[in-house]
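> Quick one: sequence and predicted model below, then my questions.
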Amino acid sequence: LGRRINAAVSDLSRSPTLDEKAFDGMVKEICNALIESDVNVRLVASLRNSIRRAVNFKELGPAVNKKRLIQKAVFDELVKLVDPHAEPFKPRKGKANVIMFVGLQGSGKTTTCTKLARWYQARQFKSCLVCADTFRAGAFDQLKQNATKAKIPYYGSLTQTDPVVVAREGVEKFKKERFEIIIVDTSGRHRQEQDLFDEMVQIQHAVKPDQTIMVLDSTIGQQAEGQSRAFKEAADFGAIVLTKTDGAAAGGGAISAVAATHTPIVFLGTGEHMLDLERFAPQPFVSKLLGMGDMQGLVDHVQSLKLDQKDTMKHIAEGVFTVRDLRDQLQNIMKMGPLSKMAGMIPGLSNMMSGMDDEEGSLKLRRMIYICDSMTMKELDSDGKLFVEQPARITRIARGSGTSVREVEDLLTQHKMMAGMAKQMKGGMANMQKAQGAM
Ligand code: GDP
Ligand code: MG
């Protein structure tokens, strides 16, 4: 998708007459690319209008700026769609927070239940699992296995066939035992769809969840909208977890689902392993969807400034990008200014700083550097995985740097996105360096 959108934009800047007709053609091409990556057709139509409104063609400057402006308009509109500006659910310590999962069979509920329980467990919430899927043979066994591996207490029954009873008993038991996060897994299939929806509503009444999460398989494409709409009507949910984002799925379906249900995506499933769970953030998600992190632009600019970039350049050529590389880049931005222009070159950062003036922006950057400075050598030179495996490090760093856990997590998200791009650029950069005979 990103390639097609970039191609459409490049065609425009190459076209001899930069007229409005060429611009319309480009917008059309971008919209076709979006529809092909499963963004709902009606949404794309309204997106087209917003892009036209956002980009005043006659007032655009030279071709290069045009390209950036148009890309940014597409990016901003997609971010707006995927960011419903709803506060995500925050569980309270010392209280029983009941979270119920719904979603079709195979979407990844049981897998994600364990991931989420483990996520909260690692953040000092006493967490447990209840298996209310009595429909599928083997459902309880699967949950038991996952839970045992993750050392999460669980509840289920091999003899009780009424899922409402199992759910109620499990939640009551764990409430008495003062668990703080009680996650209820449910069935995703019935002989009749209506039976499934009835069952969901009954379980909701029985356990009164503080949050209901719908698990959505990102590989189902255009069906995402209809499916999430049907679930929303049957059993209102307050959040979406999007699974299997590690696959080749286009991801546009998720945008449609959010727009149709006005419900935020809170986590992404990024693999089959227990640790493959990431907090969702709109900007990196859209960047990835569009393939548009302007890593190349940053590299070009930094080279033209002749700053000491040897290590970072060498790393990127090898497909590596450490936390230290991010720190060096932030430091360079501080040196180079004006900030608003420079930050725009780092994918994700421009949006994080939009609406801030240069002073606020540089305060934000300084805080990010404080975070890096509270890291150990090992952490700075890491690829970031050790923070996932040992989240206690995040708390320590937040405390050490006088920032918040959220800020440290944001920085790590930023790093992860750039590391992913460095990996993608590996081949390209190596060739570029050879050609330039540099370094
Ligand atoms: P349920 O029927 O909704 O409970 O779905 P399961 O949790 O049993 O998952 C169905 C399949 O999807 C299993 O093979 C999981 O390993 C797989 N799965 C779940 N989440 C992810 C993910 O984020 N990435 C990948 N690659 N596979 C996943
Ligand atoms: Mg299941």
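Yep, it's here. Ligands and ions are numbered 1, 2, ... in the order given.
> any low-confidence regions in the stretch 151-300 of the chain?
248-250, 291-300 (pLDDT under 70).
> And the strands in it?
154-155, 181-186, 211-217, 239-243, 265-269, 277-279 (DSSP state E, counting those that start in this stretch).
> Is the last one in proximity to ligand 1?
No. Judged by CB under 6 Å from any ligand atom, strand 277-279 stays clear of ligand 1, getting no closer than 7.9 Å. Bear in mind the C-beta positions are built from the backbone N, C-alpha and C, glycine included.
> same thing with the fifth one?
Yes. Using CB under 6 Å from any ligand atom, we find that strand 265-269 touches ligand 1 at residue 269.
> So in that sheet, which strands flank that strand, and in what orientation?
Using DSSP bridges, the neighbouring strands of strand 265-269 in the sheet come out as strand 239-243 (parallel), strand 277-279 (antiparallel).
> Check those for me and report the most buried one.
strand 239-243 (a mean of 25; mean count of other CB atoms under 10 Å).
> Direction-wise, compare it with strand 211-217 and give the angle.
If you take axes from the mean of the first three to the mean of the last three CA atoms, to 10 degrees, strand 239-243 sits at 30 degrees to strand 211-217.
> Any residue of strand 239-243 touching ligand 1?
Yes. Under the criterion of CB under 6 Å from any ligand atom, strand 239-243 makes contact with ligand 1 via residue 243.
> Contacts for that strand next, please.
Outside strand 239-243, the residues within contact range by CB atoms under 8 Å, 6 or more residues apart in numbering are 88-89, 107-108, 111-112, 116, 211-218, 228, 254, 257-258, 261, 263-269, 280.
> If any of those are buried, put those into a ChimeraX selection.
Buried members of those can be picked out in ChimeraX with the line below, counting by 16 or more other CB atoms under 10 Å:
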select :107,108,111,112,116,211,212,213,214,215,216,217,218,228,254,257,258,261,263,264,265,266,267,268,269,280
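> And stretch 94-110, end to end?
End-to-end distance of stretch 94-110: 25 Å, with CA to CA, to the nearest Å as the criterion.
> What residues of that stretch count as buried?
Along stretch 94-110, the positions that meet the burial threshold by neighbour count (16+ other CB under 10 Å) are 96-104, 107-110.
> average model confidence for stretch 111-120?
For stretch 111-120, the per-residue pLDDT values average out at 95.
> ugh, wrong one, I meant stretch 25-39
Per-residue pLDDT over stretch 25-39 has a mean of 79.
> what's the closest non-adjacent residue to the one residue sitting closest to the centre of the chain?
For the chain, the residue nearest the mean C-alpha position is residue 280 (3.1 Å; CA atoms, centre = their mean). Once flanking residues are discounted, residue 280 sits nearest to residue 265: 4.4 Å by CB to CB, 6 or more residues apart in numbering.
> Residue 419 contacts residue 318, doesn't it?
No. Residue 419 lies out of contact with residue 318 (CB atoms under 8 Å); the separation is 11.7 Å.
> Of those two, which one has the most company?
The residue with more neighbours, out of residue 419 and residue 318 and counting by other CB atoms under 10 Å, is residue 419; that gives 22 against 13.
> residues touching that one, list them.
Contact criterion CB under 8 Å, 6+ apart gives 320, 321, 322, 383, 384 as the residues in contact with residue 419.
> repeat that for 10 Å
The contact partners of residue 419, taken as CB atoms under 10 Å, 6 or more residues apart in numbering, are 315, 316, 319, 320, 321, 322, 323, 325, 326, 383, 384, 385.
> tell me which element the residue of the chain found nearest ligand 2 falls in.
Ranked by CB to the ion, the top residue of the chain for proximity to ligand 2 is residue 110, at 3.3 Å. Here residue 110 is covered by helix 109-121, with elements defined by DSSP states H and E.
> that older thread, quick check, nearest of the contacts of residue 419 to residue 120?
residue 385 (20.0 Å; CB to CB).
> can you count the residues close to the closest one?
Residue 385 has 11 neighbouring residues, counting by other CB under 10 Å.
> Could you give the backbone dihedrals for the nearest residue to residue 136 once chain neighbours are set aside?
When the adjacent residues along the chain are set aside, residue 136 lies closest to residue 187, with 6.2 Å between them (CB to CB, 6+ apart). Backbone geometry at residue 187, expressed as degrees, to the nearest 10, gives phi -80, psi 160.
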